[in-house]
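Trainee: build the 3D model from these lines:
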Amino acid sequence: MKRMIRPILMLGLAIIAVLGMTSAPVRAGIVYSNDFETDAAGFSVSDRNTFDYTSSTWLGRKGGHYTAVLTLTGLLVGAVYDLAFDLYIGGSWDGSLVYGPDKFSLDSSSDGLLVNATFRNGVPIGDPDFGQTYSDATPLGDGGFFHSREGSDSPGAPYAPTYYFGHGAGNPMLSFTAGNATEFLTFRSVDYQGGSDEFFALDNVVVRTDAEAVGAQDSAKTAPYALIAAIRGRMPMMFMARVRL
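Mentor: Numbers count the residues shown, from 1 in each chain. Sure thing, here's the model as predicted:
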């Protein structure tokens, strides 16, 4: 009986080792999510504020030019990541006309510009004149000029329209392919006039992917063979003859 204890122990260790290879495939799912109600984790700035016509907390502040960088780590190189967020355009944004251009951009360190367009709240604010290059179909501002607040998802608040990205019917779907394990997403406004009332703010920022970790499924498929090899490599031939794998 004592002669059987060691082979059985080795068999148990082999099974435990291989079970570690057969875990369910790893899916990244949501890799970042923040509504800024408690903090601004992941961003280079920490300006959390509430603004007119809103009831939630946003990342941003008044005062012209502004840059906020989101750093994502541990990404799967080559995987596609989807990005969603709400963009608040506050104050007297002038679009591409007089006193402009007033532009918002979003730059991916892997894929370059995802959004790059001017926004206009009208003169006086709320007037539906032409002058901005953003529309839901042209987030890169390459489709000519549109009415002030074109594509806004809150037309009832002319002083501070909100635009949805990555969610909501008809809105732009944004994504990037990770070129490195670390990604930098740069949200930036360029305010030509430098008006103190002109600003942007972010809310409900979510980054997700459906990419599966490379090799996860392969290890699960080959695990039975690995178990057999492990057992044969660890157990005496006499005991193996009895087990008859």
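Trainee: low-confidence stretches in this structure?
Mentor: Within the chain, the segments meeting pLDDT under 70 span 1-28, 123-128, 155-158, 192-195, 213-245.
Trainee: now the strands for this structure?
Mentor: For the chain, applying DSSP state E gives strands covering 27-34, 48-49, 58-60, 66-72, 80-90, 102-108, 112-118, 130-132, 146-147, 162-165, 174-177, 183-191, 199-212.
Trainee: including mean neighbour count and distance to residue 138, could those go into TSV?
Mentor: C-betas here are computed from N, CA, C, even on glycine. Formatted as TSV, these follow (neighbours: other CB atoms under 10 Å; distance: least, CB to CB, whole Å):
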stretch	mean neighbour count	distance to residue 138
strand 27-34	15	26
strand 48-49	16	29
strand 58-60	24	23
strand 66-72	18	23
strand 80-90	21	15
strand 102-108	22	13
strand 112-118	19	7
strand 130-132	23	10
strand 146-147	20	8
strand 162-165	22	13
strand 174-177	18	13
strand 183-191	20	18
strand 199-212	20	18
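Trainee: for these, could you give me a markdown table that also reports distance to residue 153?
Mentor: Formatted as a markdown table, the strands of the chain follow (distance: least, CB to CB, whole Å):
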| stretch | distance to residue 153 |
| --- | --- |
| strand 27-34 | 19 |
| strand 48-49 | 20 |
| strand 58-60 | 15 |
| strand 66-72 | 20 |
| strand 80-90 | 8 |
| strand 102-108 | 15 |
| strand 112-118 | 15 |
| strand 130-132 | 15 |
| strand 146-147 | 15 |
| strand 162-165 | 5 |
| strand 174-177 | 15 |
| strand 183-191 | 18 |
| strand 199-212 | 12 |
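Trainee: for the ones you listed, which one sits closest to residue 139?
Mentor: Counting by CB to CB, residue 139 lies closest to strand 112-118 out of the strands of the chain; the figure is 4.7 Å.
Trainee: direction included, what does that closest one pair up with?
Mentor: Paired neighbours of strand 112-118 in the sheet (DSSP bridges): strand 102-108 (antiparallel).
Trainee: which residue packs closest to residue 183, ignoring adjacent ones?
Mentor: Leaving aside its chain neighbours, residue 183 sits nearest to residue 72 (4.4 Å; criterion: CB to CB, 6 or more residues apart in numbering).
Trainee: residues in contact with that neighbour?
Mentor: 31, 32, 42, 81, 182, 183, 184, 185, 207 (CB atoms under 8 Å, 6 or more residues apart in numbering).
Trainee: just to revisit the earlier point, nearest to residue 154, of the strands of the chain?
Mentor: Of all the strands of the chain, strand 162-165 sits nearest to residue 154, with 4.3 Å by CB to CB.
Trainee: give me the residues contacting that closest one.
Mentor: Contact with strand 162-165 is made by 54, 83-89, 115, 134, 139, 151-154, 171-172, 174, as judged by CB under 8 Å, 6+ apart.
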